[in-house]
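Colleague: Sequence and predicted structure are below.
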Amino acid sequence: MDWKVSLSKIERKKRFFLEGKLKQNGIELDIGFCRFLEPVQVRMVVAKTKEGFTVGGYVLTAIEHPCARCLEPTRVEIKGVIEALYLPESMRRNVKEEKLESLKNIIYYHETEFDLTERIIEAIVVSVPEKVLCKPDCRGLCPYCGVNLNEEPDHKCDKIPVVDSRFEILAKLKNNLENKEV
Ligand SMILES: [Zn+2]
Ligand SMILES: [Zn+2]
């Protein structure tokens, strides 16, 4: 569905719900594109206030995010909270209370139509954990050869460089270059 609302509708209806799914198959995060594993369900309430309006609600989905240690695609449940206070641009200087600023996600506007998709995306982005792990005790990758240590818990690495041997280091460099070419 379309997540656009107009100021005139808000003025007219005072308070209304928007419910539906987000038409997008994934989200761009700092680590790259993460696809949605479930439909993105959204429920929002838009309510007029004295000066502007508020948008509240929630977003439910799951995304596929690489594990921070082993990089395996990992399912992350998303329960995002949407909370924003929209105020007209002319109010910007009047809001001096820092408390209000910190409690609410304040958006100043000058337009008369709003795409609330931005609020949905924002709610998803902030609810992604800082460190995604495929399991709490993920063993990660071998730092020398990149083998997944969850799959090979008894891995004994034969690529550990011997610090004092120039030959070994050169051999490793050569190895890396060869691997890159594959
Ligand atoms: Zn992992
Ligand atoms: Zn290894």
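Modeller: Good, I have the coordinates. Numbering: from 1, shown residues only. Ligands and ions are numbered 1, 2, ... in the order given.
Colleague: quick check: mean pLDDT across stretch 119-136?
Modeller: The average pLDDT within stretch 119-136 is 95.
Colleague: So which bits of this protein are right by ligand 2?
Modeller: Within the chain, the positions near ligand 2 by Cβ under 5 Å from the ion are 142, 144, 145, 147, 157. (Glycine included, C-beta is placed from N, CA and C.)
Colleague: Using CSV, write out every CA atom in stretch 122-140.
Modeller: Extracted in CSV, the C-alpha atoms of stretch 122-140 (Å, rounded to 0.1, in the frame of the first residue of the first chain):
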residue,chain,number,x,y,z
GLU,A,122,13.6,4.2,10.3
ALA,A,123,11.8,2.0,12.8
ILE,A,124,13.3,-1.1,11.1
VAL,A,125,16.9,0.3,11.0
VAL,A,126,16.9,1.3,14.7
SER,A,127,15.6,-2.1,15.8
VAL,A,128,18.4,-4.1,14.1
PRO,A,129,20.8,-5.2,16.9
GLU,A,130,24.3,-3.7,16.8
LYS,A,131,25.8,-7.1,16.7
VAL,A,132,23.9,-9.8,14.9
LEU,A,133,25.1,-13.3,15.8
CYS,A,134,23.9,-16.6,14.1
LYS,A,135,24.0,-18.1,17.6
PRO,A,136,25.3,-16.7,20.9
ASP,A,137,28.4,-18.9,20.9
CYS,A,138,29.3,-18.5,17.2
ARG,A,139,32.9,-19.4,16.8
GLY,A,140,33.4,-17.2,13.7
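Colleague: Any idea how many residues pack against the closest residue to residue 55 other than its chain neighbours?
Modeller: The spatially closest residue to residue 55, leaving aside those adjacent along the chain, is residue 84, at 4.7 Å (Cβ to Cβ, 6 or more residues apart in numbering). Other residues within reach of residue 84 by the criterion other Cβ atoms under 10 Å amount to 22.
Colleague: check contacts around residue 84.
Modeller: Going by Cβ atoms under 8 Å, 6 or more residues apart in numbering, residue 84 touches 54, 55, 56, 104, 105, 106, 107, 119.
Colleague: roughly how far apart are the fourth one and residue 142?
Modeller: With the distance defined as Cβ to Cβ, to the nearest Å, residue 104 ends up 47 Å from residue 142.
Colleague: how's the protein carved up into domains?
Modeller: The chain breaks down by automatic domain parsing into domains covering 4-127, 139-182.
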